[in-house]
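>>> How does the following fold in three dimensions:
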Amino acid sequence: ASVLYTDTPPAPNGALLDLNYVGHCKTGATGACTVTNRATGPPGRQLYFIAEVLVGGGRKESNLQTFVIVPDKAKANWVVDPTGYINVATGKKTLSSKPLQDAYNKAAAGEVILVKAGSYPPFTISGCKSEETGPPTMTWIMAETYGHDPKTEGLSAWPVVIERAGYTISLMKHACWTAFVGLQIEAGTSGIHGYSNMGVPSSNTNGPFDHIWVIDTVIDGGYNPVTGQGPNSKWALWAEELKDFLMLGGALQHIMHEHGAYILNTQGNVEVSNVLIKHNGRTGVQMTARDGGPPGVGNHRFLNVEAEDNNLADGCKGGSTFTFAGGTPTATILLDHVSDKQGFNPALVAATGCTGTGSFVSWSDGQSTKNGINGDIRLKDVDFRIKKWGDRDLVAVSATKSFTLEAGDLIPGWKKALDIDTENLASLCL
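Got it, this is the predicted structure:
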């Protein structure tokens with residue numbers, strides 16, 4: 001829904017685009033969007049500004065939105081099914097017990113791997129094809145069935161399944177410039193795992209991981225918090241030293257123990273847009289920089305993210321949904337049109353007893369003290385609410401250089417809506 005099927009740029013500036021889902025905007029009876037070009041980002045990615053959004057009651061809103069121009073599926077270089085892979089140029093099919101891994105290993109930088117419906121073994125992205133062949137170009141792993149929205153459809157809409165393992169998809173040896181499109185990734189210990197081996201000589205590190213894109217892909221831990229049944233999943237995404245990472249559309253959900261996304265020691269920009277984050281054991285997103293690696297840097301954006309009932313583990317003490325735990329003193333962090341709702345699902349409340357924790361916290365934990373505090377944080381048009389109770393303040397700010405709260409709704413439980421420790425603040429704007 002966030003992606004345009006075209007090899008050319010989108011419609012001219014100011015044109016009315018037929019967007020199925022853009023943040024708080026839907027086409028048809030519920031609204032319309034006027035979109036103007038704002039800037040051109042990395043290759044294949046355009047940043048647009050939603051200049052005018054007409055929503056219920058005639059109210060107008062505006063917010064940022066990113067589009068990705070994905071390749072035409074008809075131009076695939078490799079076609080994979082559960083029994084093997086086809087080199088489209090030669091028409092030859094090779095049988096394989098690990099067809100997706102083998103097709104990726106043979107693909108050149110910039111090629112498209114089209115994956116047919118079915119279940120596939122875990123695989124590893126090792127090395128950087130673009131560094132080997134010249135100018136950076138994206139290698140695409142794309143479901144043939146791609147074109148669904150996890151906010152409205154069940155997992156059956158994602159019939160390309162990467163089977164659960166300890167690390168279902170591993171990033172190794174500076175893996176880079178790879179896009180996953182329209183997949184269902186079953187998380188074991190983690191669904192996508194990028195371990196940079198921080199703290200060892202640079203020749204032995206795996207990171208940074210440059211230009212890893214996850215587009216309209218569901219990472220699912222398989223845990224059902226209502227029944228208390230499911231796999232022993234730990235993270236949907238664990239990644240150290242990401243650089244220009246993008247998750248656009250899709251979901252991070254149903255993790256038994258830990259975070260939807262655990263993002264460590266960033267070495268470039270991170271963007272999470274139009275993603276559903278729900279029913280995870282601890283936070284929806286936790287970002288920090290552990291002392292064993294470099295300070296986190298970059299401009300990080302969370303746009304049109306919807307969170308529902310996270311922090312369900314350990315007797316509902318899993319933390320705040322969006323947690324920024326220090327080590328990023330020069331980074332900027334933006335939450336724009338981000339929502340978090342807790343305690344509104346009666347079946348979940350009855351089964352778990354969880355009625356809500358916090359929605360947002362910035363602080364500095366014991367593992368990031370050498371790397372410093374959080375940098376500049378801005379919350380814009382957020383909607384954080386707890387139906388009845390809550391065991392901590394809805395928004396809690398400390399160990400942060402500057403903090404801005406610009407519009408939005410904060411509806412807490414019985415704790416405070418906003419708690420600010422001004423000790424490290426150089427700038428505060430409400």
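>>> quick one: low-confidence ranges for the chain?
In the predicted model of the chain, residues 1-69, 131-135, 147-152, 197-205, 366-369 satisfy pLDDT under 70.
>>> Can you show me the helices along it?
The residue ranges that make up the helices of the chain, judged by DSSP state H, are 99-106, 129-133, 313-316, 346-352.
>>> Out of those helices, which is closest to V272?
Nearest to V272, of all the helices of the chain, is helix 313-316, at 21.3 Å by Cβ to Cβ. (Glycine included, C-beta is placed from N, CA and C.)
>>> ok, residues contacting the closest one?
Contact partners of helix 313-316, identified using Cβ atoms under 8 Å, 6 or more residues apart in numbering, comprise M256, H257, E258, G281, R282, T352, G353, C354, T355, T357, D391.
>>> repeat that for 6 Å
When contacts are taken as Cβ atoms under 6 Å, 6 or more residues apart in numbering, the neighbours of helix 313-316 outside the stretch itself are H257, G281, R282, C354.
>>> and T217, bridged to which residues?
Note on T217: beta-bridge partners by DSSP bridges are G250.
>>> need the contact list for it.
F180, L183, G250.
>>> Any of those buried? List them.
In these, burial by neighbour count holds for F180, L183, G250, counting by 16 or more other Cβ atoms under 10 Å.
>>> check contacts around the last one.
Pointing back at G250 there. Applying Cβ under 6 Å, 6+ apart as the definition, the contact partners of G250 turn out to be P150, D216, T217, V218, V275.
>>> Quick check: the second one touching F180?
No. Under the criterion of Cβ atoms under 6 Å, D216 makes no contact with F180, lying 9.3 Å away.
>>> Make sure P71 is actually in contact with V112.
Yes. Using Cβ under 6 Å as the test, P71 is close enough to V112 to be in contact (5.0 Å).
>>> coming back round to it: which of the contacts of G250 sits closest to G194?
With Cβ to Cβ as the yardstick, the closest approach to G194 among those comes from T217, at 15.1 Å.
>>> From I169, how far out is that closest one?
10 Å (Cβ to Cβ, to the nearest Å).
>>> again, but for N299
Distance of N299 to I169, computed by Cβ to Cβ: 26 Å.
>>> okay, these two: which has more neighbours?
When N299 and I169 are compared for neighbours, I169 comes out ahead with 27 against 15, by other Cβ atoms under 10 Å.
>>> So the more buried one is in contact with I192, correct?
Yes. Counting by Cβ under 6 Å, I169 touches I192, with 4.8 Å between them.
>>> any shared contact partners between those two?
For the pair I169 and I192, no residue contacts each of them under the criterion Cβ under 6 Å, 6+ apart.
>>> List the contacts of L394.
For L394, the contact set (Cβ under 6 Å, 6+ apart) comprises G358, S359, F384, L410, P412, A417.
>>> need the contact list for the third one.
If I follow you right, that is F384. D340, S359, L394, L410.
>>> Looks like P136 contacts W177 (just checking).
Yes. Using Cβ under 6 Å, P136 is in contact with W177, at 5.3 Å.
>>> so where do the strands sit in the stretch 101-250 of the chain?
The residue ranges that make up the strands of the stretch 101-250 of the chain, judged by DSSP state E, counting those that start in this stretch, are 112-115, 118-120, 123-126, 139-143, 160-162, 167-172, 176-181, 184-186, 190-194, 209-220, 235-240, 242-243, 245-253.
>>> For L95, find the nearest of the ones you listed.
Using Cβ to Cβ, these put strand 118-120 closest to L95, at 14.2 Å.
>>> Flag every buried residue along the closest one.
Using 16+ other Cβ under 10 Å as the test for burial, strand 118-120 gives Y120.
>>> I'd like the contacts of F384 as JSON lines, with distance to K92 appended.
Formatted as JSON lines, the entries for those read as follows, by distance: Cβ to Cβ, whole Å:
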{"residue": "D340", "distance to K92": "50"}
{"residue": "S359", "distance to K92": "54"}
{"residue": "L394", "distance to K92": "59"}
{"residue": "L410", "distance to K92": "60"}
